[in-house]
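Enquirer: this is a predicted model, with the sequence first.
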Amino acid sequence: MAIALDLAQIAAEVGEVPVGAVIIDKSGRLIAQAHNQVETPPDPVGHAEILALRAAAKIIGSPRLIQCDLIVTLEPCAMCAQAIAHARIRRLIFGAYNQNNGGVEHGARIFSQLSCHHQPEVIGGVEETAASFLLKDFFISKRNKK
């Protein structure tokens with residue numbers, strides 16, 4: 001989670017919503033990492049999770065990341081949760097809960113839908129305070145610039 005938080009900080013510094021994600025294999029080896037990149041290039045699906053999943057699939061050579069864990073600083077949205085299910089991620093670990101736009105524990109709850117054919121193990125609230133602070137600080141600074 002420390003690397004994901006560092007990536008989230010980098011995202012904030014370049015004007016992106018501060019979300020960072022890493023993918024590790026079952027031995028804990030780092031496979032891929034990414035932070036949000038929605039605003040630049042612009043990319044509406046440039047969420048940290050999507051970018052990390054794409055990078056990991058390319059490195060592993062398979063769209064199925066069965067023995068991999070995704071660690072992300074914010075509860076994934078519905079789009080990212082569906083991508084996580086399609087990638088067959090073994091375990092999802094996230095920091096801050098996303099009560100407005102979450103797709104795992106809030107909102108769409110993708111993994112509990114009958115149409116979802118893979119449910120990873122989910123662990124939420126890891127380093128929640130640090131992850132929440134980055135997000136709150138980012139949005140406060142955005143509001144103060146207006």
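Expert: Structure's in. What do you need? Numbering: from 1, shown residues only.

Enquirer: which elements pack onto the least confident helix or strand in the chain by mean pLDDT?
Expert: Across the helices and strands of the chain, mean confidence by mean pLDDT, DSSP states H and E is lowest for helix 128-145: a mean of 93. With contacts taken as 3 or more CB pairs under 8 Å, 6 or more residues apart in numbering; DSSP states H and E, helix 128-145 sits against helix 2-13, strand 68-74, strand 91-96. Glycine gets a C-beta too; all of them are placed from N, C-alpha and C.

Enquirer: sheet partners, orientation included, of the next helix or strand after the last one?
Expert: Counting by DSSP states H and E, the next helix or strand C-terminal to strand 91-96 is strand 121-123. Here strand 121-123 is paired, per DSSP bridges, with strand 91-96 (parallel).

Enquirer: how about the partner strand, which residues are buried there?
Expert: Within strand 91-96, the residues that qualify as buried are Leu92, Ile93, Phe94, Gly95, Ala96, counting by 16 or more other CB atoms under 10 Å.

Enquirer: buried set for the helix or strand encompassing Met79?
Expert: Secondary structure from DSSP H and E places Met79 in helix 78-87. Buried residues in helix 78-87, counted by 16+ other CB under 10 Å: Ala78, Met79, Cys80, Ala81, Gln82, Ala83, Ile84, Ala85, Ala87.

Enquirer: now distance to Thr129 and pLDDT too, for those, in CSV please.
Expert: CSV is the format used below for the buried residues of helix 78-87 (distance: CB to CB, whole Å; pLDDT from 0 to 100):
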residue, distance to Thr129, pLDDT
Ala78, 25, 98
Met79, 26, 98
Cys80, 22, 98
Ala81, 23, 98
Gln82, 28, 98
Ala83, 27, 98
Ile84, 24, 98
Ala85, 28, 98
Ala87, 28, 98
